[in-house]
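[1] starting from these lines, generate the structure:
(one chain, ligands or ions: 1)
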Amino acid sequence: MMELPFTAPALLAPMEGVTEPCFRDLVLRRNGPQHLGGAFTEFARVSKEALSRKVMRMHLGPNRFPQPVGLQLMGSDVELVARSARTAVEVGAPVLDLNFGCPAKRALRGCAGSALLDDPPKIERLVRACVDAVEGRVPVTAKIRAGGEDDSRLEELARAAENGGAAMLTVHCRTRKEGYRDTADWERLRRAVGAVSIPVCGNGGMERYEDVARMMRETGCRYAMIGRAALGDPWVFSGRTVGRAEAAGFLIEYDAELFERRAMTEKGRVGRVKQLMQYWKAGGLIGDGEREGWLREVERERLMGRLVEVVRAG
Ligand SMILES: Cc1cc2nc3c(=O)[nH]c(=O)nc-3n(C[C@H](O)[C@H](O)[C@H](O)COP(=O)(O)O)c2cc1C
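    Presented below is the predicted three-dimensional model:
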């Protein structure tokens, strides 16, 4: 079986509109390879044609860290996804991940993402086509949800990925129907672990550092992937507690990176920073009842001004 390159069991989840190179690099810089084992790009959608090298390079970003950053593809056309997989490896993706979990309407209309949870044989075909296309150069991994309408086909879905040749199976333990709702049923992760012999990466509902070890202990997962908790606390993988100034500093740096590296507009940057602020917990920066006030800021200057004040106050 293909060896996985992750340096530790905790992984940063792929998140569209968030885990682009700027945010990802800030997180990778703050969590060493002994704590954060790897990350993923946001999904790269394969619809009408195979993806170009340029698009892949943009998703992967220029920086290299000790931890691998897997490139995630989402699509339903076996031929186009497989061709894209080959290109991804040619431009240096160390892991290729396939998305079978996105519940967005656009994905469903294109019969991609979580639409495929109703079609396990198609999942197997897509995984196998990518495994063949990359010719053993990198591991191909698959990310599913526990099911579509319900979790009754979980084992079948897990085995479809395994039979296709996936080197790891990530299971977001919510179904498509459940969306992102609060409860996360880890018993489903145990079921997935029992159904396949490849490593399972558990995902869903981890809120703090300690949850990684707890999920692995309670479910038998070999890896554990954190999504939204990393948006609220980018240090979650190392369990470091930061103060208000350091927390504010992260958001200021994020804004600067988005400007310098992606030339994003002020409005775009405010949107991105406030997206993190919706989840933000680190440093006690946003106290009880204060979130609304931060999220009401529309001017970049005012928002950054408030953050700079926090940094100055130490
Ligand atoms: C804003 C956002 C964007 C996401 N984009 C992706 C994506 O591009 N690919 C993917 O496989 N999952 C995506 N997800 C799902 C996450 O990877 C993860 O499975 C989910 O958030 C559950 O983990 P959590 O409870 O730790 O957040 C996204 C989730 C969020 C909140």
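[2] so the protein: which segments form each domain?
    10-232, 244-313 (automatic domain parsing).
[3] need the winner for burial among those domains.
    domain 10-232 (a mean of 20; mean count of other CB atoms under 10 Å). Every residue, glycine included, has its C-beta placed from N, CA and C.
[4] tell me how far that domain is from the chain's mean position?
    How far domain 10-232 lies from its chain's middle: 7 Å, per CA atoms, centre = their mean, to the nearest Å.
[5] kindly reformat the domains of the chain as a markdown table containing mean pLDDT and distance to Leu4.
    Output for the domains of the chain, formatted as a markdown table (pLDDT from 0 to 100; distance: least, CB to CB, whole Å):
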| stretch | mean pLDDT | distance to Leu4 |
| --- | --- | --- |
| domain 10-232 | 96 | 6 |
| domain 244-313 | 97 | 28 |
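[6] which among the ones you listed is found nearest to Met2?
    Of all the domains of the chain, domain 10-232 sits nearest to Met2, with 4.2 Å by CB to CB.
[7] does any part of the closest one sit near the ligand?
    Yes - for domain 10-232, a contact with the ligand is found by CB under 6 Å from any ligand atom, at 13-18, 42-43, 72, 99, 101-102, 143, 172, 203-206, 226-229.
[8] three-state assignment of Met74?
    At Met74 the chain is in strand, as set by DSSP: H, G, I helix; E, B strand; the rest coil.
[9] show me which residues of the stretch 201-314 of the chain sit near the ligand.
    Residues of the stretch 201-314 of the chain lying near the ligand (CB under 6 Å from any ligand atom): Asn203, Gly204, Gly205, Met206, Ile226, Gly227, Arg228, Ala229.
[10] inside strands: which ones of these?
    In this view, those that belong to strands under DSSP state E are Asn203, Ile226.
[11] can you pull the contacts of Pro199?
    Neighbouring residues of Pro199 by CB atoms under 8 Å, 6 or more residues apart in numbering: Leu4, Ala167, Met168, Leu169, Cys221, Arg222, Tyr223.
[12] ok, which pair from those is furthest apart?
    Top of the distance list for the contacts of Pro199 (CB to CB): Ala167 and Cys221, 14.8 Å.
[13] adding distance to Ser238, write the domains of the chain out as a markdown table.
    Shown next, in a markdown table, are the domains of the chain (distance: least, CB to CB, whole Å):
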| stretch | distance to Ser238 |
| --- | --- |
| domain 10-232 | 4 |
| domain 244-313 | 12 |
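[14] what residue in the protein comes nearest to the ligand?
    Gly227 (2.7 Å; CB to the nearest ligand atom).
[15] quick check, that residue in contact with Ala13.
    Yes - counting by CB atoms under 8 Å, Gly227 does reach Ala13; the two are 3.7 Å apart.
[16] what sits in contact with each of the two?
    Joint contacts of Gly227 and Ala13 (CB under 8 Å, 6+ apart) are Asn203.
[17] who touches Pro234 in this structure?
    Leu26, Val27, Arg30, Asn31, Phe250, Ala282.
[18] leaving out sequence neighbours, find the closest residue to Pro9.
    Excluding the flanking residues, the one nearest Pro9 by CB to CB, 6 or more residues apart in numbering is Tyr223, at 4.9 Å.
[19] that neighbour pairs with what?
    Cys201 (DSSP bridges).
[20] go on, Phe40?
    Gly70.
[21] wasn't Ile144 part of a strand?
    Yes - Ile144: assigned to a strand according to three-state DSSP.
[22] for the nearest residue to it once chain neighbours are set aside, what are phi and psi?
    Spatial nearest neighbour of Ile144, excluding adjacent residues (CB to CB, 6+ apart): Phe100 at 4.5 Å. Backbone torsions of Phe100, given as degrees, to the nearest 10, read phi -120, psi 40.
[23] I'd guessed Phe100 sits against Asp119; true?
    No - in this structure, Phe100 is not within contact of Asp119 by CB under 8 Å, at 9.5 Å.
[24] show me what the helix ranked longest in the chain is packed up against.
    Across the chain, the longest stretch assigned as helix under DSSP state H is helix 244-262. Helix 244-262 sits against helix 21-30, helix 266-279, helix 300-313, with contacts defined as 3 or more CB pairs under 8 Å, 6 or more residues apart in numbering; DSSP states H and E.
[25] mind putting those into CSV with distance to Ser152?
    Putting these into CSV (distance: least, CB to CB, whole Å) gives the following:
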stretch, distance to Ser152
helix 21-30, 35
helix 266-279, 32
helix 300-313, 46
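[26] quick one: closest of those to Gly61.
    Comparing the helices and strands packed on helix 244-262 under CB to CB, the one sitting nearest is helix 21-30, at 2.8 Å.
[27] which residues are in contact with that closest one?
    By CB under 8 Å, 6+ apart, helix 21-30 touches 12, 36, 39, 41, 58-63, 65, 67, 69, 230, 234-235, 237-238, 240, 250, 253-254, 257-258, 261-262, 272.
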